[in-house]
Structures are given as C-alpha cells and as structure tokens.
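Chemist: this one's structure only:
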C-alpha cells in the first residue's frame, strides 16, 4: 500500500471510476448522446455541442510547461476551489478526520472541510510578526487525524509570503502523515519561485495555482493542482469527467501563447508599479491606521472607521473587500490594485 492509499479514504481508494464516453477524436461521434450540430456554427466536430476531452492532454502539457512540472503531476479543474474540494473529499472521512488552516486566510479551505464533515483545526498566523507562520504550533496541532494542511502564500487576505523554509520543514515533518497543500494563487505578484520545484523530493507536498489572478482568466475558471502522480491519479477518480469546458480550454490556450504572455507581462509590470504607488500613498491618508506590505495584487489596511471608508469607496463607484469578519481584522478592508485611474479615484475618495 502506498502512502497516498494509506492517507486517503479507503472507499475512495477502492472506488470504481465512472467510465466516460471514449475519447477518439479521429472518429465521428455517435456514442455520447450529443446533438450532431453546433449551436454556435462552425465545425460541429469540435464545437460546444460535443463533450470536451477529460483532462485535455494539450492543456496538461501547456500548464506543465508553464509551472515547470511533469504532465503527470497536473490536475486541472474549475478554479482552485474545485481542487480544494476534491482534496477534502478524497482524504477526509466525515466525523473522523481533520484539516488544519492558518487564519486569517482563504475561507474555502474551512468551507470545503466542513461540507465534508471534517474537523477544522485553526492555528492563527502571528499578526505581531507580520502574519508569520507559527511552525511549532502547526506541528503541535497536527493530530493523527489531520490529513490536510492548507497554507496560502502569498496569503489571502494579508498579502504576505509565508516563510519558505518553515513550509518545507513542516512538509518534511509530516511526510506520510498529512498532505501539505500550498496555495500559490498570487505567486506571480511576488518575487519568489514556486514550491513546485520541491515536488520530486517531497511527495506529500502539493501546490495550487490558478489562471484567475495574474493571467486575467477569473471568468474562465481554470485552476491547477500540482502534486505527486499518485495524488493526481487518486483525485482523477472523483473529479467530474468533463471538468474543463471547451470554451475554457480555448480561452486558456489563447492566453498562453507567446504573444499573449508578453502582453500579460506588461500588464503585470503596470500593476506592480501601481501597488507600489498605493503603498507609498496610504501613509498620508488619515483614515488608515495601519497597513501591511503586500506580495499579492491587493493590500490589507485597517481604518479608523472601516464602514465609512467602504461607503466612501462605493460613492466613488469602487468596491473594496470588507475584511472585518476575518479573525483579528475587525477594522480592516482589502484593496485590490486596480487601473491607475481607479487607484487615483480611490485615494481621492479617502483623502
């Protein structure tokens, strides 16, 4: 029995996979109960009237190239949210197993765990140390029932990178005991390489990536899990057979052409310059009592009156994220870096 089979739910390990319609693109399809005409015109063989290829090979290879891993280590789904849900369902038995999270952080880790009936074990980040990871406390709280540990770096909503050495030490300490999942949704905005380069040496490390942020494809819903091939094979048992819509595949492949990537780099440079401009301007705003450095495309700030600041933003036609419900952030708002014009308008509204 492999370490993945020992860690996963036994009923998932034993699950007989649903047999989707065979993928034979060289043949005309009369086997999947599809309409033979495309509603959008064009060539019906490849139109949206046909079910897409499950885990399209061309997409797996392109994302593997983008993220520097083997295609066998890639699973594609509808945003990172789907991968988070799949991990909880594959590894956590309802009422028995646990998921460890480090708040304040992305809420879907806890939501997916609770939907699955898993216990959520919180180990807060240290606000006094710039929302740093408490490595010793994380390892102490990891019970034998803890199957998953979610770490977000750069962290949402605080914007800071977690210490890389701490995350790697935690993964090594939990080898064979738990899967350490590092969410790198905002990594393109930070000056750090991906932890995916350690997948070969740490089989219990997994990395989440997304095209929703820096690549501007939030509406296409394309997220990626990078993990050991045996983890990918396990999750392919339970992911819906047609998880990547044809229109999403087309949008992603178009966005990952050399020309589009070059244009995206220019946009990223503009956004990083605007983040620096906002960071330089915030200290002069009397409404803001504190803010934190950011390695993401947003800035977390505390206000004398967060509700009033939220309302002023709305009056200027701009909506920022109310972060007051996060633990320890009762006066905070999360500001996404916008266009130069939007950022100027927001600063003027709060002046």
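Modeler: Done, it's in. The structure displayed is predicted, hence computed values, not measured ones. Residues are numbered from 1 along each chain as shown.

Chemist: you'd agree residue 11 is in a strand?
Modeler: No. Secondary structure assignment (DSSP: H, G, I helix; E, B strand; the rest coil) places residue 11 in helix, not in a strand.

Chemist: any idea how far residue 29 is from it?
Modeler: 33 Å (CB to CB, to the nearest Å). C-beta here means a position set from N, CA and C on the backbone, and glycine is covered the same way.

Chemist: neighbour count winner among those two?
Modeler: The residue with more neighbours, out of residue 11 and residue 29, is residue 29; 18 against 8, by other CB atoms under 10 Å.

Chemist: on the three-state scheme, the residue nearest to the more buried one when sequence neighbours are not counted is what?
Modeler: Nearest-residue entry for residue 29: residue 50, 6.4 Å, with adjacent residues in sequence omitted and distances by CB to CB, 6 or more residues apart in numbering. Of the three states, residue 50 takes coil according to three-state DSSP.

Chemist: ditto for residue 230
Modeler: Secondary structure for residue 230, judged by three-state DSSP, is helix.

Chemist: phi and psi next, for the spatially closest residue to it that is not a sequence neighbour.
Modeler: Distances taken as CB to CB, 6+ apart place residue 4 nearest to residue 230, at 4.4 Å, with adjacent residues excluded. With angles defined as degrees, to the nearest 10, residue 4 sits at phi -70, psi -40.

Chemist: residue 4 contacts residue 235, correct?
Modeler: No. The pair residue 4 / residue 235 is not scored as a contact, 10.0 Å apart, by CB atoms under 8 Å.

Chemist: returning to that earlier point: phi and psi next, for the residue nearest to residue 29.
Modeler: phi -100, psi 140.

Chemist: that one and residue 125: what is the separation?
Modeler: Taken as CB to CB, the span from residue 50 to residue 125 is 46 Å.

Chemist: those two: which is more packed in?
Modeler: Between residue 50 and residue 125, counted using other CB under 10 Å, residue 125 has the larger neighbour count: 24 against 18.

Chemist: can you check the pLDDT for the more buried one?
Modeler: If you check residue 125, the pLDDT there is 98.

Chemist: cool, and residue 45?
Modeler: On the pLDDT scale, residue 45 gets 51.

Chemist: helices of the chain, start to end?
Modeler: With helices called from DSSP state H, the chain shows them at 3-7, 10-13, 57-67, 79-91, 108-116, 135-141, 164-173, 229-236, 246-255, 258-281, 306-315, 340-350.

Chemist: Serialize the ones you listed to TSV and add fields for distance to residue 183.
Modeler: Shown next, in TSV, are the helices of the chain (distance: least, CB to CB, whole Å):
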stretch	distance to residue 183
helix 3-7	19
helix 10-13	22
helix 57-67	14
helix 79-91	7
helix 108-116	8
helix 135-141	15
helix 164-173	11
helix 229-236	15
helix 246-255	19
helix 258-281	19
helix 306-315	26
helix 340-350	26
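
Chemist: let's have those in TSV, adding mean pLDDT and distance to residue 213.
Modeler: Formatted as TSV, those follow (pLDDT from 0 to 100; distance: least, CB to CB, whole Å):
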stretch	mean pLDDT	distance to residue 213
helix 3-7	93	29
helix 10-13	94	30
helix 57-67	97	14
helix 79-91	97	10
helix 108-116	98	15
helix 135-141	97	25
helix 164-173	98	20
helix 229-236	97	22
helix 246-255	95	12
helix 258-281	97	10
helix 306-315	97	21
helix 340-350	97	17
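
Chemist: which of the ones you listed sits most buried?
Modeler: Greatest average neighbour count among the helices of the chain goes to helix 79-91 (a mean of 23), per mean count of other CB atoms under 10 Å.

Chemist: so which elements touch it?
Modeler: strand 74-77, helix 108-116, strand 146-152, strand 179-183, strand 205-210, strand 223-226, helix 229-236 (3 or more CB pairs under 8 Å, 6 or more residues apart in numbering; DSSP states H and E).

Chemist: the ones you listed: which one's closest to residue 290?
Modeler: Among those, strand 146-152 comes nearest to residue 290, with 20.9 Å by CB to CB.

Chemist: what strands flank the closest one, and is each parallel or antiparallel?
Modeler: Strand 146-152 has the following sheet partners, assigned by DSSP bridges: strand 98-101 (parallel), strand 179-183 (parallel).

Chemist: what does stretch 114-125 contact?
Modeler: With contact meaning CB atoms under 8 Å, 6 or more residues apart in numbering, stretch 114-125 is reached by 85, 88-89, 92-105, 110, 113, 131-134, 137-138, 141-143, 145-147, 155, 158, 327-328.
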